[in-house]
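[1] 3D, please:
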Amino acid sequence: MNENDIANQVMDAAFQIHREIGPGLLESVYEVILTKVLVGKGLDVERQVPVPIRYLGMAFDEGFRADLIVGHKLIVELKSVERLQPLHSKQLLTYLRLTDRRLGLLINFGENLLKDGLKRVVNGL
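    Reported below is the predicted structural model:
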């Protein structure tokens, strides 16, 4: 399965969850539920994956944590805020660059309409 196939399954699951639960819960709640749904679909999901920073040949594990990595290919960054900010996309792009991955999804469960809180971020590698 390629990144786009995985992204489509993640988006379908996110829409289902948002439809049934709605906005307003903590990000961590959406993370647990989305993980459970995706694993139920047979996808491999890792939560809170360390994203080390490399600088001058040194690696620092204290860097960042990706909310979800699905199928070893797609990074999913979850938010539960009123509106996404440009900083959120930059954060995801940084994770993609540091992990040499191509595609990420930024999902804001805080939006009234999830389609307004969904963004694909591509790393040009």
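[2] would residue 53 count as being in a strand?
    Yes: assigned with DSSP: H, G, I helix; E, B strand; the rest coil, residue 53 falls within a strand.
[3] okay, it: pLDDT?
    Predicted confidence (pLDDT) for residue 53: 87.
[4] now do the one 4 residues further on
    pLDDT, the model's per-residue confidence, is 87 for residue 57.
[5] how much space separates it from residue 101?
    22 Å (Cβ to Cβ, to the nearest Å). C-beta here means a position set from N, CA and C on the backbone, and glycine is covered the same way.
[6] and the helix or strand where residue 92 lies, what does it pack onto?
    Using DSSP states H and E, residue 92 sits in helix 86-99. Where contact means 3 or more Cβ pairs under 8 Å, 6 or more residues apart in numbering; DSSP states H and E, helix 86-99 is packed against strand 45-55, strand 58-70, strand 74-79, strand 103-108, strand 118-122.
[7] make CSV from those and add distance to residue 89 and mean neighbour count to it.
    Listed next are the helices and strands packed on helix 86-99 as CSV, based on distance: least, Cβ to Cβ, whole Å; neighbours: other Cβ atoms under 10 Å:
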stretch, distance to residue 89, mean neighbour count
strand 45-55, 16, 14
strand 58-70, 14, 16
strand 74-79, 9, 24
strand 103-108, 6, 24
strand 118-122, 6, 16
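[8] lowest average pLDDT across these?
    The bottom spot among the helices and strands packed on helix 86-99, by mean pLDDT, belongs to strand 58-70, with a mean of 87.
[9] who does that one pair up with?
    With DSSP bridges as the test, strand 58-70 is paired with strand 45-55 (antiparallel), strand 74-79 (antiparallel).
[10] switch those over to CSV; also include distance to residue 17.
    Formatted as CSV, the strands paired with strand 58-70 follow (distance: least, Cβ to Cβ, whole Å):
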stretch, distance to residue 17
strand 45-55, 14
strand 74-79, 11
